[in-house]
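In: The following block contains a protein sequence and its predicted model.
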Amino acid sequence: MSKTFMIALGVGAVCIAIAVGAILFLQRGAHIGVTGQIVKVRTAPLNENSTLVVLDFRVTNPSDYPFVARNVTGIYEDATGNPTEGITASEIDAQHIFAGVPVLGEKYNQTMIERDKVNPHGTLDRMIVSRFDMPEAKLQGRKRFVVKIEEIDGQEFEIREK
């Protein structure tokens, strides 16, 4: 191989690497998704076999596009990691629950509902109320709670309790 060909090949490889790097750099905010953390967990027994769980969480959208929620679910994971989905209450039901169950304390945040929007590079504090058909003592022995948020286009994201 000639020296001229090797130089041309090297220059071509560098140009391709620069082009790929520029494309990746320009697309860094195009991926829709959310991150977050569960800030507070509150429980209240309804009866011997049913418990309400309030999950207060903070959700952040690092992308350049708005994130629109379609469905939000509370999930209990037992000590072995087996998940159980709770029955999620609407905002109106959550208001009635807080009014009727004073042991839960104050309602700090709005419930994350369908069509709730997290603006690009924005952060929201939200909550959900879920009912689990199990005693409160069993919930206290959990591995963790998870908030599963489904995006309007079908992608699912999870915020896990630490």
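Out: Received, thanks. Numbering: from 1, shown residues only.
In: so after the longest helix seen in the chain, what's the next helix or strand?
Out: Assignment by DSSP state H gives helix 3-26 as the longest helix of the chain. Note on helix 3-26: by DSSP states H and E, the next helix or strand toward the C-terminus is strand 35-47.
In: distance between that next one and the chain's centre?
Out: 14 Å (Cα atoms, centre = their mean, to the nearest Å).
In: Could you number the chain from 312 rather than 1 from now on?
Out: That works, and once the first residue is 312, the last one we named lands at strand 346-358.
In: mind listing what it pairs with, with the direction of each?
Out: Paired strands of strand 346-358, with direction, are strand 361-371 (antiparallel) (DSSP bridges).
In: Tell me which helix or strand comes right after the partner strand.
Out: strand 378-388.
In: quick one: contacts for Gly385?
Out: Contacts for Gly385 (Cβ atoms under 8 Å, 6 or more residues apart in numbering) come out as Val364, Leu366, Glu396, Gly397, Thr399, Ile439, Val440, Ser441, Phe456, Val457, Val458, Lys459. From N, CA and C alone the C-beta is placed, and that goes for glycine too.
In: ok, the fifth one touching Ile439?
Out: Looking back up the chat, that one is Thr399. Yes - look at Thr399 against Ile439 with Cβ atoms under 8 Å: they come within range, at 5.6 Å.
In: Show me the shaky parts of the chain.
Out: 335-342 (pLDDT under 70).
In: ok, the residue nearest to Gln421 when sequence neighbours are not counted - how many residues close by?
Out: Of all residues not flanking Gln421 in the chain, Arg437 sits nearest, at 6.1 Å (Cβ to Cβ, 6 or more residues apart in numbering). Neighbour count for Arg437, taken as other Cβ atoms under 10 Å: 23.
In: follow-up on the earlier one: what about Thr399 and Ile439, which has more around it?
Out: Ile439 (26 against 21).
In: so how many other residues sit close to Thr354?
Out: Neighbour number of Thr354 under other Cβ under 10 Å is 17.
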